[in-house]
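**Student:** Structural data only, the sequence is not supplied:
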């Protein structure tokens, strides 16, 4: 942990020093931009309605000196409304009843105001090699709703394009030819080289397809909520991805096989397709199988639910279908319908979305949340139907 | 006297030959020359795109545009407004391969060719309109209809019909090409499913000579179905540039 803290401090120091030098030498060229994002959420569950709202400010700083780029962004989020929750309230009664009374307080959580450096990096590059050090964005995979090869981020399938926080690491990209490149990432999030994350990705473009092979070794954390202990084990993942087109349809897929030291090995894959019609109507469908998920809702236990909420496992059920349908109903208004269907219990979540670019730099986003499943299903109404109104003002 | 007569006859012959050649110029030759004029070997530009919606709202985008191999490779990087700043579109093989880069997630997404039909940032230009430098030659059979004055310029009038089996975005194009500069003056785009339904009209104007090549500095696309229009204007333009192939790669998109 000492090494991790030292690395983080070192990166922070390098980036801040970089900005300080730039500001001193050439202050007028420091690029400052970002957005302000108020968000209102109304949640209706079990006859009660709740408000949980937030105001988020993101400020990006960026500067380039020849082939060196400095970037950082600061995120400040204020929460108001209902901030304190109990994770057990969202679980089926049968699961909740398994938790001893004395342990129920362990499942309380709060949305506290946060201020953090989301990304902070130095990037050096020439025409063929690029090196990035620091907290940076990294989101591999070709899938839209979920990414089996991505062990860094946990996407919310009901809001899949929302930005993720950065990851600490040293990354090197080498371009061999216009469509062939190799990427290596070292993520020093553990105490030593052996236990820290090491990722290698090789990408090649053939005809209208891009193919990627990847290998990753890191420490996997899996919480056992019965004993409130954490299984910390080495995980090795081999993955492959493709994206291209067949018969005019966009097609993509990604698969990952994970070898675990203490738990069972497992695989995960996703395949998808999309198409745009002349009218502007667009559809996207994805099928996702996660062997770590359960095949029947009667098998869902507290670990399945809470590992899913914490992002330790991508899904509760094993097989799901995702859909996205979009149509521009006016010049600046786009209608979308997102849906997630669990094949294993038949439950679904439906998210109608209205995107409106109301002013030049202002987007309004209105999202509904409707769960169709019954008690115990992956997408059951106990999770709370709701409405999200999000505005984003860019500067 | 004989010599003078001989020279006179020669001049008359050359003149007649030249006129004959001019008369016999084919639709294909006009389209090829027009395509070459519009797509020089390389270019680097800063462009401003202004969309005026049917409800009269205005949206302005500024982007840096690079092209190489006569438009076979092109790259667009958005500079303004803030909500799209840094987003980059790479088009290779005359827009048969499209990638988009989103800087906030540092993610590159490959799009299938059907995405060519999508509007660029909600404008009246599709990716196909912006990226396919050879579309007039590759996707359409052209016929020279005649000569006609258009926008106060003497033009060749051509009709271009979509070739069978190709997935071009329009069924028919009507193109007016200025005789002197070979710059198109107006292009009418007819609906993919209905050859008689005028979908869009592109008007090109303010032709200036940049590095020895005539270039229309302003292009206005009128969407006849939606009653909207998009204006694209070069803020800066240079043809005499030496762009690296590495710019037109995933790494180039992220720079």
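**Tutor:** Yes, it's here. Note that the coordinates shown come from a computational prediction; the quantities given were computed from them, not determined experimentally.

**Student:** Now do the helices in chain A.
**Tutor:** A:2-26, A:93-96, A:302-310 (DSSP state H).

**Student:** was I right about residue A:333 contacting residue A:358?
**Tutor:** No - counting by CB atoms under 8 Å, residue A:333 sits too far from residue A:358 to count as a contact (9.3 Å). The way it works is simple: take the backbone N, C-alpha and C, and place the C-beta from them, glycine included.

**Student:** What sits closest to the residue of the stretch 1-150 of chain A found nearest chain B if chain neighbours are left out?
**Tutor:** Relative to chain B, the nearest point of the stretch 1-150 of chain A is residue A:137 (3.6 Å; CB to the nearest CB). In space, and not counting its chain neighbours, residue A:137 is closest to residue B:106: 3.6 Å by CB to CB, 6 or more residues apart in numbering or on different chains.

**Student:** In chain B, which residue sits nearest chain A?
**Tutor:** residue B:112 (3.1 Å).

**Student:** Provide the backbone phi and psi angles at that residue.
**Tutor:** With angles defined as degrees, to the nearest 10, residue B:112 sits at phi -80, psi 170.

**Student:** if we look at stretch B:247-255, which residues are touching it?
**Tutor:** A:125, A:127-128, A:130, A:173, A:175, A:178-179, A:181, A:203, B:66, B:68, B:73-75, B:77, B:88, B:90, B:92, B:99, B:101, B:103, B:106, B:108, B:244, B:246 (CB atoms under 8 Å, 6 or more residues apart in numbering or on different chains).

**Student:** so, in contact with chain A or not, stretch B:234-244?
**Tutor:** Yes - using CB under 8 Å from any CB of the partner chain, stretch B:234-244 reaches chain A at residue B:244.

**Student:** Run the chain-centre distance for that stretch.
**Tutor:** 16 Å (CA atoms, centre = their mean, to the nearest Å).

**Student:** Counting residues, which strand of chain B comes out longest?
**Tutor:** strand B:198-210 (DSSP state E).

**Student:** next SSE after that one?
**Tutor:** strand B:213-223 (DSSP states H and E).

**Student:** Neighbouring strands - and their directions - for the helix or strand following that next one?
**Tutor:** Under the assignment DSSP H and E, the closest C-terminal helix or strand after strand B:213-223 is strand B:228-238. Counting by DSSP bridges, the strands paired with strand B:228-238 are strand B:43-52 (antiparallel), strand B:213-223 (antiparallel).

**Student:** just how off-centre is stretch A:339-351 within its chain?
**Tutor:** 20 Å.

**Student:** Equivalent analysis for stretch B:121-138, please.
**Tutor:** 7 Å.

**Student:** Please apply the same query to stretch A:357-365.
**Tutor:** Counting by CA atoms, centre = their mean, stretch A:357-365 comes out at 24 Å from the chain centroid.

**Student:** Compute the first-to-last residue distance for that stretch.
**Tutor:** From its first residue to its last, stretch A:357-365 covers 9 Å (CA to CA, to the nearest Å).

**Student:** Need the residues that contact stretch A:90-102.
**Tutor:** Under CB under 8 Å, 6+ apart, the answer for stretch A:90-102 is A:88-89, A:107, A:226, A:300-302, A:305-306, A:309, A:375-376, A:380, A:382-384.

**Student:** Report the buried residues of that stretch.
**Tutor:** For stretch A:90-102, a neighbour-count test (16 or more other CB atoms under 10 Å in any protein chain shown) marks A:90, A:91, A:92, A:95, A:96, A:99 as buried.

**Student:** And for stretch B:152-159?
**Tutor:** Counting neighbours by 16+ other CB under 10 Å, stretch B:152-159 gives B:153, B:155, B:156, B:157, B:158, B:159 as buried.

**Student:** so what's the closest residue in space to the third one that isn't next to it in sequence up against?
**Tutor:** What that stands for is residue B:156. Among residues not flanking residue B:156 along the chain, residue B:177 sits closest, at 4.7 Å (CB to CB, 6+ apart). Contact analysis of residue B:177 by CB under 8 Å, 6+ apart lists B:30, B:31, B:34, B:155, B:156, B:158, B:183, B:184, B:185.
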